[in-house]
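Visitor: Provided below are the primary sequence and the corresponding predicted coordinates.
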Amino acid sequence: MLTENELKRYERQIRIFGEDGQERLKNAKVFIAGAGGLGSAISIYLAAAGIGRIRIVDHEKTELSNLNRQILHWDEDIGKRKAVSAEEKLKKINPYVRVEAMSETIEENNIFELVDDFDLIVDAMDNFHTRYLLNRTAIVKNIAFFHGAINGLYGQATTIIPGKTACLRCLFPEPPPLMTFPVVGATCGVIGCIQVTEVIKYIVKMGGFLENKLLLWDGLNAKIDEIELERNPSCEDCGWK
């Protein structure tokens, strides 16, 4: 049940999806992979929305060059583990949310333990090796996977439902080359907020999703496009599903 304080705190969004919807958010368990640019925007807005339990995982330390986009982390956090910094901020944003921040490297030998019994996975990573691990884990656990990626003033997002939609490996059979790419902080905000909107709708069971659609954000020209996607029946990750 929602407390009186929670009813007041979430009053404006309860007008959209009702107390039942807010209770669904309160009971939800969301796993966020990454506490960088995307992870900052995603975790802040999920915490503010009242997600009951958030686990955010990142093994890196905060650097000065992160601060143009990673809004969870401030000057005084330089040298601090991002997981520690994230937990401090998110608990202040919403004390009604249970935040579990873990300073771990997501790897094949620990990913199932890290994701544990969480309801869905949100991709806030910057490399496809880890994204593929998250993708396969979502398929095996049969939970939704919310992908987002950015590069400069461009970004993309899609919602992956195992057994129903194309998975990440269907879209990108081979990973793009590793590189240090440019980033404008606002792009993280745009794509991260799209992912959050998808997550909230999915939990409260409202509206349509980016299922079998890849949303493309062109911030340079202020354009949004969508590409229709199809499952690859021979996909090495989801072809068996």
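Guide: Cool, the structure landed.

Visitor: How about the longest helix along the chain, which residues are buried there?
Guide: Criterion DSSP state H: the longest helix present in the chain is helix 185-204. For helix 185-204, burial by neighbour count (16 or more other Cβ atoms under 10 Å) applies to 187-204. Quick note: C-beta positions are derived from backbone N, CA and C, even for glycine.

Visitor: do stretch 176-187 as well
Guide: 183-184, 187.

Visitor: again with stretch 108-123
Guide: Within stretch 108-123, the residues scored as buried using 16+ other Cβ under 10 Å are 111, 114-115, 118-123.

Visitor: Show residues contacting it.
Guide: Here stretch 108-123 makes contact (Cβ atoms under 8 Å, 6 or more residues apart in numbering) with 28-34, 38, 42, 46, 53, 55, 57, 102, 104, 106, 131, 133-134, 137-138, 140-141, 143-149, 195, 199, 202-203.

Visitor: sorry, back to before: now the helix or strand following the longest helix of the chain against helix 185-204, angle please.
Guide: Note on helix 185-204: by DSSP states H and E, the next helix or strand toward the C-terminus is strand 213-218. Per axes from the mean of the first three to the mean of the last three Cα atoms, to 10 degrees, the angle that strand 213-218 makes with helix 185-204 is 160 degrees.

Visitor: Can you name the two of the buried residues of stretch 108-123 that sit furthest apart?
Guide: Spanning the widest gap among the buried residues of stretch 108-123 are Ile111 and Asp119, at 15.9 Å by Cβ to Cβ.

Visitor: Could you give the bridge partners of the most centrally placed residue in the chain?
Guide: The centroid of the chain falls nearest to Val122 when counting by Cα atoms, centre = their mean (2.9 Å). Counting by DSSP bridges, Val122 forms beta bridges with Ile32, Phe146.

Visitor: Using JSON lines, lay out the buried residues of stretch 176-187 together with distance to Glu236 and pLDDT.
Guide: Below are the buried residues of stretch 176-187 laid out as JSON lines (distance: Cβ to Cβ, whole Å; pLDDT from 0 to 100):
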{"residue": "Val183", "distance to Glu236": "30", "pLDDT": "93"}
{"residue": "Val184", "distance to Glu236": "34", "pLDDT": "96"}
{"residue": "Thr187", "distance to Glu236": "30", "pLDDT": "98"}
